[in-house]
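Engineer: Pasting the sequence and the predicted model now:
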Amino acid sequence: MAVQAKTKKIYDDIRTLRIQGADEAAAAALEALRIEGLASKARNRKDFFSDLRASALYLKTVRPTEPELRNALRLVFTAVHKSPSDDVAELKHGLDKQVEKYEENLKKVRGKIAEYGARLVPDGGTVLVHCHSGSVVAVLKKAFDEEIDFKVFACETRPLYQGRKTARQLSEYGIPTTLVVDSAARLVLTRFMRDSDVVLVGADAITSEGDLVNKIGTSQVALSAFEHEKHVYSCAGTHKFDPLTLWGSGEPIEERDSSEVAVSGDFKLKKFPKALHVFNPAFDVTEAKYVNAFVTELGVLPPQSLVMAVWKELGLSEKQLI
Ligand code: RUB
């Protein structure tokens, strides 16, 4: 599909993780939808929506495990489509407004998550985090602003080291932060964490069973936390819920290029034996029973309650899905 150069750049930036984290990716995809919609040469309503749908369908392919991105595209498309106008200029204005509205809402959701999540950060305690989640960073910054005294261990998050971004941001903010390799998570839980300490992670998807889909390695951290009787919270707006899972679809797990795993030192991919395969899943599934609660804009909800709350809030029906 032919798209504007700016759209192509946004698509590539999401694909390569220069734009990273579910919220950022969803906001960027909407920006691309706006660019495409405003550039549409359609002269009537039907052609305009046909262009807009094609753009949405293209954008939603960028990363398979991103229901928030798909939800955002669907919500904006549906809201603009509700206008009965035949005037393309008016429809474009509507698109502009709806994208703006979504972005404002995203900020409000972040604010609520930060507020509720900060109350879970243990004073005098330790928080273990994995990967880079803007929502988790917002929670920890809020807790720090409220003068809660805590320190953070951040897993570096192989293969692309998004945890280093988290560690850098927290440290620059003044939060005492220690970076560890992913395989040190269990040792950190054993040696440095008290009963009241917590694990905070983000979410890329929440399923109808209340399972958490997040960066690869999250389930290992959660299982270790369960073993050590520490609470695990996923900081995630309800827009991370994947409605397709309500009607039987499984959450697809993105598999990424082998070069991300085999890039360094003597083990460069070109030197690998031909028969050696690399498996590079971007995400894994943490079953609901290992997640104490999701910290959402609606409150701190155990997985089962979250599903009911989202169902009620969104008033979803299967035919609304694109
Ligand atoms: C990022 C990741 C984050 C979620 C939530 O994975 O797992 O925890 O996207 O982020 P990747 P946010 O690096 O592959 O995008 O809270 O910013 O929406």
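Structural biologist: Cool, the structure landed. Numbering: from 1, shown residues only.
Engineer: Run through the residues that contact the residue in the stretch 1-150 of the chain that the ligand sits nearest to.
Structural biologist: Nearest to the ligand in the stretch 1-150 of the chain, going by Cβ to the nearest ligand atom, is residue 21, at a distance of 2.7 Å. (C-beta placed from N, C-alpha, C; glycine too.) By Cβ atoms under 8 Å, 6 or more residues apart in numbering, residue 21 lies in contact with 132, 133, 134, 135, 202.
Engineer: By neighbours, which of those wins?
Structural biologist: residue 202 (28 neighbours; other Cβ atoms under 10 Å).
Engineer: May I have the phi/psi pair for that residue?
Structural biologist: phi -90, psi -160 (degrees, to the nearest 10).
Engineer: now residue 232
Structural biologist: phi -120, psi 120.
Engineer: Now for it, how many residues are close by?
Structural biologist: 22.
Engineer: From the ligand, how far out is it?
Structural biologist: Relative to the ligand, residue 232 is positioned 13 Å away (Cβ to the nearest ligand atom, to the nearest Å).
Engineer: For the contacts of residue 21, work out which two are farthest apart.
Structural biologist: 132 and 135 (10.2 Å; Cβ to Cβ).
Engineer: Need the residues touching each of those two.
Structural biologist: Going by Cβ under 8 Å, 6+ apart, residues that sit against residue 132 and also against residue 135 are 21, 202.
Engineer: re the thing from before, residue 177 versus the residue of the stretch 1-150 of the chain closest to the ligand, what's the distance?
Structural biologist: As judged by Cβ to Cβ, to the nearest Å, residue 21 and residue 177 stand 18 Å apart.
Engineer: With adjacent residues omitted, what lies nearest to the one residue in the stretch 101-250 of the chain that gets nearest to the ligand?
Structural biologist: Among the residues of the stretch 101-250 of the chain, residue 202 lies closest to the ligand, at 2.7 Å counting by Cβ to the nearest ligand atom. Nearest residue to residue 202 in three dimensions, chain neighbours excluded: residue 133, at 2.6 Å (Cβ to Cβ, 6 or more residues apart in numbering).
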